[in-house]
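1. can you look at this prediction? I've put the sequence above it.
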Amino acid sequence: MNLCILGSTGSIGTKTLEIAKRYPDDIHVSSLVAGRNLELLAKQVRDHKPKVVVLKRKEDRRPLQELIGPGFDGEILAGEEGYEAAVSLPEVDVVVSAISGTAGLYPSYLALMHGKNLALANKESLVMAGKILTELSTKKGSWIRPIDSEHSGVFQAMEGHKREEINRIILTASGGPFRGIPQRELVKVKKEDALRHPNWKMGPKITVDSATLMNKGLEVMEAIWLFGLELSKVEILIHPQSLVHALVEYVDGSILAQVSVPDMSIPIAYALFYPEHKDIVKRGITRSLDLESLNGLTFERPDLSLYPCLKIALDVAKEGRSFPVVLNAANDEAVDAFLEGKIGFVEIPQILLSVLDTHEPQDVEDIEQVLSIESWARAKTQEYIISRGGI
């Protein structure tokens, strides 16, 4: 297969390239899209020799070329035109969508527009434009497979079963670094505290989302579109050990669970090689889970009073329409502001509610409308942040 990797220098992108390196007879990297980690990107280009490389900023093209050195005869492009060139290469079979946040939506859309299969790590794409993307996938005859560990777990546990046999699916959450701590005690939380995830090594944005549990609310919305389920059939349980990634309960009362070490290489490989389970343990990409070392697995329902962002997300999932678009964009801006030290951790849900309260909901019909609403929500969120003194 020939890959285009959107977000190649992020955690998902680098793990995907590691898998590609270990399976040179199965995977060729045709194009890479990245942000500003030029040194890492240059190494990726030297290792994998893609035909097209895309940067966010035009001014980074020359520095990247110098870092790559002689011998690279591919194109270095920038911006939206570059995204389209990367995903539309005739030889590309699969686009790995791993750009963080709402910025990943338009490239995911472009990939499906060009009839490419989509291995999706960017949950925001389906949260914001689930109807648009799933209908486009059906129209183009391409597939969308999840890279999220929880959705991959559901995907695996559903294999060979009919959707009408499903009673419910359960997505698990670690609870993050502040599990069980009331909001009033989180006033002085700093960036370093929120980024200290107990189990997973991820990018900063998704790590903060895991601390607020917004990540789990977005995953509920993503699951609705991925698996064609009603909201009432998607549940969340706190599972601090992060070993059971998802469970599927069938109408006969049986429950199938997907269990593994917390390593994103496993869902990435399954999305790429489905329906095969490749020998990534033997090839040193990941490790087996030692069941005998487990002291016990625990599950509990999330207390929404401790996770106001999760409550907001679940309320938005019920409302639907354009509210998920606004929530995504507002959360992006609020998390960025927190990471930059402009607002406090407990201000994130307050800002989200302020933006949602000012929004007049619409039925979402096309990608241009989604992008317009997203732009409005970003601007409105920035206004609220400035009004709170977060300049």
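-> Done, it's in.
2. helix or strand with the lowest mean pLDDT in the chain?
-> When the helices and strands of the chain are scored by mean pLDDT, DSSP states H and E, helix 191-194 comes last with a mean of 88.
3. what does it rub up against?
-> 177-178, 207-208, 211, 338-339, 341, 345 (CB atoms under 8 Å, 6 or more residues apart in numbering). All C-beta spots, glycine's among them, are computed from the backbone N, C-alpha and C.
4. for stretch 155-170, same thing?
-> 145-146, 154, 223, 226-229, 233-237, 246-253, 256-258, 270, 275.
5. distance from the chain centre to stretch 114-134, please.
-> How far stretch 114-134 lies from its chain's middle: 10 Å, per CA atoms, centre = their mean, to the nearest Å.
6. give me the longest helix you can find in this protein.
-> As assigned by DSSP state H, the longest helix anywhere in the chain is helix 367-387.
7. elements contacting it?
-> Helices and strands touching helix 367-387, by 3 or more CB pairs under 8 Å, 6 or more residues apart in numbering; DSSP states H and E, are helix 105-113, helix 123-140, helix 323-339, helix 347-357.
8. quick one: which of the ones you listed is nearest Leu294?
-> Closest to Leu294 of the helices and strands packed on helix 367-387 is helix 123-140 (CB to CB; 28.3 Å).
9. what mean pLDDT does that closest one get?
-> The pLDDT scores in helix 123-140 average 96.
10. buried set for that helix?
-> Buried residues in helix 123-140, defined by neighbour count with 16 or more other CB atoms under 10 Å: 123-130, 132-134, 136-137.
11. quick one: contacts for the residue nearest to the spatial centre of the chain?
-> The chain has Asn122 as the residue nearest its centroid, 3.2 Å off, counting by CA atoms, centre = their mean. Applying CB under 8 Å, 6+ apart, we find Asn122 in contact with 6-7, 97-101, 104-105, 108.
12. also Pro107?
-> So Pro107 contacts 6, 33, 83, 87, 95, 97, 99 (CB under 8 Å, 6+ apart).
13. buried among the contacts of helix 191-194? Make that a PyMOL selection.
-> Buried residues within the contacts of helix 191-194, by 16+ other CB under 10 Å, are selected in PyMOL with:
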select buried, resi 177+178+207+208+211+338+339+345
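14. returning to that earlier point: confidence score at the residue nearest to the residue nearest to the centre of the chain when sequence neighbours are not counted?
-> Of all residues not flanking Asn122 in the chain, Gly104 sits nearest, at 3.3 Å (CB to CB, 6 or more residues apart in numbering). pLDDT for Gly104: 91.
15. could you do Tyr23 as well?
-> For Tyr23, the predicted pLDDT is 97.
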